[in-house]
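Asker: below are the sequence and a predicted model for it; my questions follow.
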Amino acid sequence: MNKIVLIGPPGSGKGTQAKLLADRLDIPHISTGDILRDAVRKETELGRRAAPIMAEGGLVPDDLMIGIIGERLAEPDAGNGFILDGFPRTVLQAEKLDALMAGNGNGALRVVHLLVPDDLIVRRIAARRSCPSCGAVYHLEQSPPSVPGLCDRCGSALVARPDDTEEAVRARLGMFQQKTMPVVTFYRSKEQLHEVDGEGPVDQVFERVAKHLDG
């Protein structure tokens with residue numbers, strides 16, 4: 001059973017790599033970012049609590065995240081494995097995930113840490129645009145829309161998310177260093193960590209990730 005966690009700062013490409021791995025391994029890609037943004041869009045209780053935190057580049061509290069992940073891992077499609085993207089982000093979340101794993105089938109959790117410099121991340125995210133209607137995501141340099149400013153899928157005007165400004169990105173990177181790097185140390189001490197160079201074309205990074213997981 002493949003039980004994989006992808007760790008990396010915002011803009012490191014872990015979402016893209018998670019989708020590629022999910023396709024290759026035929027297991028669900030569980031993105032906490034997507035779950036949270038959907039809750040904000042639908043104005044659920046969770047969404048209302050999370051919205052101002054996300055807009056300022058902060059981390060959603062552990063109790064909220066642990067609750068969502070526990071429910072998601074209990075769904076049938078995660079019974080044969082999963083890829084977690086964006087969780088755990090704190091040592092407490094990592095410890096709680098260990099407890100959840102005790103009842104989630106066989107196979108050790110494997111953790112991939114994508115290494116990308118902060119300045120490159122800021123440049124990447126500043127050029128990111130998304131469609132508020134269908135959720136499609138573009139990059140002005142790497143994957144621009146066919147018609148500038150308009151979504152290829154539905155024609156809606158593309159927007160920069162409020163948490164994609166340079167100020168918000170710097171704040172998120174600071175929070176990653178403070179809250180999430182201890183998670184890297186946690187998994188390194190358990191000999192579950194694979195550190196992978198996250199710079200370069202998507203396909204090259206994917207081959208590095210796959211090589212570490214196959215090794």
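Answerer: Perfect, thanks for sending it.

Asker: could I get the full set of helices for this protein?
Answerer: Listed in chain order, the helices of the chain (DSSP state H) span 14-25, 32-42, 45-55, 62-73, 91-101, 118-126, 166-175, 181-189, 202-214.

Asker: now the fifth one: mean pLDDT?
Answerer: Spelled out, that is helix 91-101. The pLDDT scores in helix 91-101 average 89.

Asker: now swap in the fourth one and tell me
Answerer: The average pLDDT for helix 62-73 rounds to 81.

Asker: then the longest one?
Answerer: The average pLDDT within helix 202-214 is 92.

Asker: got a list of what Leu109 touches?
Answerer: Applying C-beta atoms under 8 Å, 6 or more residues apart in numbering to Leu109 gives the contacts 3-5, 97-98, 101, 192. No exception for glycine: its C-beta is placed from N, CA and C like everyone else's.

Asker: please redo it, this time with the cut-off set to 7 Å
Answerer: 3, 5, 101, 192 (C-beta atoms under 7 Å, 6 or more residues apart in numbering).

Asker: how about it: what's its closest non-neighbour residue?
Answerer: Lys3 (4.9 Å; C-beta to C-beta, 6 or more residues apart in numbering).

Asker: circling back: show me the one of the helices of the chain that comes nearest Ala157.
Answerer: Of all the helices of the chain, helix 32-42 sits nearest to Ala157, with 16.5 Å by C-beta to C-beta.

Asker: buried residues, that closest one. List them.
Answerer: Neighbour-count burial for helix 32-42, counted by 16 or more other C-beta atoms under 10 Å, picks out 32-33, 35-37, 39-40.

Asker: repeat that for stretch 69-84.
Answerer: For stretch 69-84, by 16+ other C-beta under 10 Å, it's 69, 72-73, 78, 81-84.

Asker: what's the farthest-apart pair in these?
Answerer: Ile69 and Gly81 (14.8 Å).

Asker: so for Asn106, what's the pLDDT?
Answerer: 62.

Asker: re earlier: how about JSON lines for the contacts of Leu109, with distance to Asp23 added?
Answerer: Shown next, in JSON lines, are those (distance: C-beta to C-beta, whole Å):
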{"residue": "Lys3", "distance to Asp23": "17"}
{"residue": "Val5", "distance to Asp23": "18"}
{"residue": "Met101", "distance to Asp23": "23"}
{"residue": "Gln192", "distance to Asp23": "23"}
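
Asker: closest to Ala18 out of these?
Answerer: For these, the nearest to Ala18 is Val5 (9.7 Å; C-beta to C-beta).

Asker: circling back: name the nearest of the buried residues of helix 32-42 relative to Gln17.
Answerer: The closest of those, once distances to Gln17 are taken by C-beta to C-beta, is Gly33, at 13.9 Å.

Asker: the spatially closest residue to His212 that is not a sequence neighbour and Ala171: what is the separation?
Answerer: Closest residue in space to His212, ignoring its immediate chain neighbours: His194 at 4.0 Å, by C-beta to C-beta, 6+ apart. For His194, the distance to Ala171 (C-beta to C-beta, to the nearest Å) stands at 28 Å.
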